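K.L.:
predicted model follows, preceded by the sequence.
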Amino acid sequence: LIKEIPDDVKEGMEKNIQTFTNKHDRPPKVTFVCAGNTCRSAFSEDLIRKTFGKSVEVNSAGVRIYADEGSPMTPAAQVFACGGKTCQTNHKSQRVTKDIVGNSDLVIFMEESLMNDAADHLGYDIKPDNWTVMRSDGVPDPWFPSDTALPYTSQLGDYENMTRAVMEPMANHFENLATM
């Protein structure tokens with residue numbers, strides 16, 4: 001299992017975080033957005049929080065809350081967030097709002113379609129400059145895994161794919177913080 005951001009990637013991200021903090025006298029505020037806020041965005045939030053602690057204010061939200069607001073991270077995502085062990089996280093899903101994205105320096109969406117849905121839902125005619133997509137081909141959604149259409153039944157391979165898809169481009173997005 002992939003348990004953490006590789007050291008060389010982490011070092012580059014730390015430099016960009018520090019550049020932002022020095023410029024603005026506060027840590028950067030980053031929000032991850034996916035569909036339901038129980039897999040991809042919740043996992044990304046947890047990964048950044050565990051890796052960088054209080055040097056980044058991190059949050060996550062969902063455009064389409066499939067479960068009730070306040071739902072925990074999916075069991076399989078918790079296993080990945082906890083380094084291959086079963087554990088509980090404090091995550092509670094929430095719907096994306098203007099306050100959440102408006103108070104963020106960087107908003108990273110897991111898919112282009114979710115960014116467009118959020119813009120429509122929140123009444124934006126033009127997407128704000130601080131919004132971006134994690135990767136152009138989207139981050140695989142373990143909620144609807146490749147081998148089944150039933151939620152929460154993903155194989156660990158689907159979560160491994162999601163984890164790789166999140167980690168690979170994350171450093172590039174954190175480079176944006178250094179220029180803000």
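P.N.:
Nice, I can see it.

K.L.:
right, and the helix or strand after the host helix or strand of residue 79?
P.N.:
In this structure, residue 79 sits in helix 75-81 according to DSSP states H and E. Next helix or strand after helix 75-81 toward the C-terminus (DSSP H and E): helix 98-102.

K.L.:
buried set for that next one?
P.N.:
By neighbour count on 16 or more other C-beta atoms under 10 Å, the buried set for helix 98-102 is 100-101. Placement of C-beta: from N, CA and C, glycine included.

K.L.:
for that helix, what is the average pLDDT?
P.N.:
The pLDDT scores in helix 98-102 average 94.

K.L.:
for the lowest-mean-pLDDT helix or strand in the chain, what is the distance to the chain centroid?
P.N.:
Sorted by mean pLDDT, DSSP states H and E, the helices and strands of the chain end with helix 75-81, the least confident at a mean of 74. Relative to the centre of its chain, helix 75-81 is centred 14 Å away, using C-alpha atoms, centre = their mean, to the nearest Å.

K.L.:
picking that back up, who are the packing partners of the helix holding residue 79?
P.N.:
When contacts are defined as 3 or more C-beta pairs under 8 Å, 6 or more residues apart in numbering; DSSP states H and E, helix 75-81 sits against helix 40-52, helix 156-178.
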